[in-house]
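1. with the sequence up front, the predicted model follows.
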Amino acid sequence: MNKKILIVAALLMVVCVGGAFAWGIGIQGGTGYPLFGSGAITFKLDSVPFVFATNFTFEDGFGIGLTGDYWFLNDNIVGPLNWFLGAGAGISIGFQDPFSLGLEARLPIGLNMYFLDGFIEPYVQAVPSLRLHILPKFGKGDIFKFAGNIGIRFWF
């Protein structure tokens, strides 16, 4: 009986906390140097200035990555047009031959807008970053990376 009460209480907490803030989920695509193409699923809460993404790259094979950016500026320019500037980190795993693992420091800068009472958020961003290769050879490989992305998030 105590387990049922605990489970119901936990579910109520999740529902109540989830209803306290809006959250946005979306997709983005892009390219850059030395990337040939990438896509991502993004996630953001309105109450905290963090943006998270799960990235998929298509370089000399397939790779996945996780990024987290902190937007320390997100100011209005005019009307619905805003600009943002942040700093973040990422980790990526490449499944091509040879297997690779890298860490990166990111500096996203871009433009975003909100439409339909904040339901739709299209954006464009440029993300220069410094990458540190861990595998296959520590410190070897491309150090500077530049990505350009266009995306859209839907807010619930």
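-> The structure has been received and is ready for your questions. Numbering: from 1, shown residues only.
2. can you pull the buried residues of stretch 45-53?
-> Buried positions in stretch 45-53, judged by neighbour count with 16 or more other CB atoms under 10 Å: Val51, Ala53. In short, each C-beta sits where N, CA and C put it, glycine included.
3. with stretch 82-97 instead?
-> Asn82, Phe84, Gly86, Gly88, Gly90, Ser92, Ile93, Gly94.
4. state the pLDDT value of the last one.
-> Read that as Gly94. Here the pLDDT value assigned to Gly94 is 87.
5. that one and Ser100 touch, don't they?
-> Yes. At 3.8 Å, Gly94 and Ser100 qualify as touching, with contact defined as CB atoms under 8 Å.
6. list residues touching both of these two?
-> Both Gly94 and Ser100 are contacted by Gly63, under the criterion CB atoms under 8 Å, 6 or more residues apart in numbering.
7. report the central residue of this protein.
-> Centroid-nearest residue in the chain: Ala53, 2.8 Å away (criterion: CA atoms, centre = their mean).
8. correct me if wrong, but it is in a strand.
-> Yes. Counting by DSSP: H, G, I helix; E, B strand; the rest coil, Ala53 falls inside a strand.
9. give me the beta-bridge partners of it?
-> Judged by DSSP bridges, the bridge partners of Ala53 are Thr42, Thr67.
10. use 774 as the first number for this chain going forward.
-> All right, first residue 774 from here; so that's Ala826.
11. that one: what's it in contact with?
-> Going by CB under 8 Å, 6+ apart, Ala826 touches Gln801, Ala813, Ile814, Thr815, Phe816, Leu839, Thr840.
12. for it, give me the pLDDT.
-> With respect to pLDDT, Ala826 scores 97.
13. show me where this structure has helices.
-> 775-793 (DSSP state H).
14. Asn922 versus the residue nearest to the centre of the chain, what's the distance?
-> 9 Å (CB to CB, to the nearest Å).
15. tell me, what's touching the two both at once?
-> With CB under 8 Å, 6+ apart, Ala826 and Asn922 have common neighbours Gln801, Ala813.
16. in the chain, where is pLDDT below threshold?
-> For the chain, the stretches flagged by pLDDT under 70 are 774-775, 777, 779, 781-794, 808, 832-833, 912, 914.
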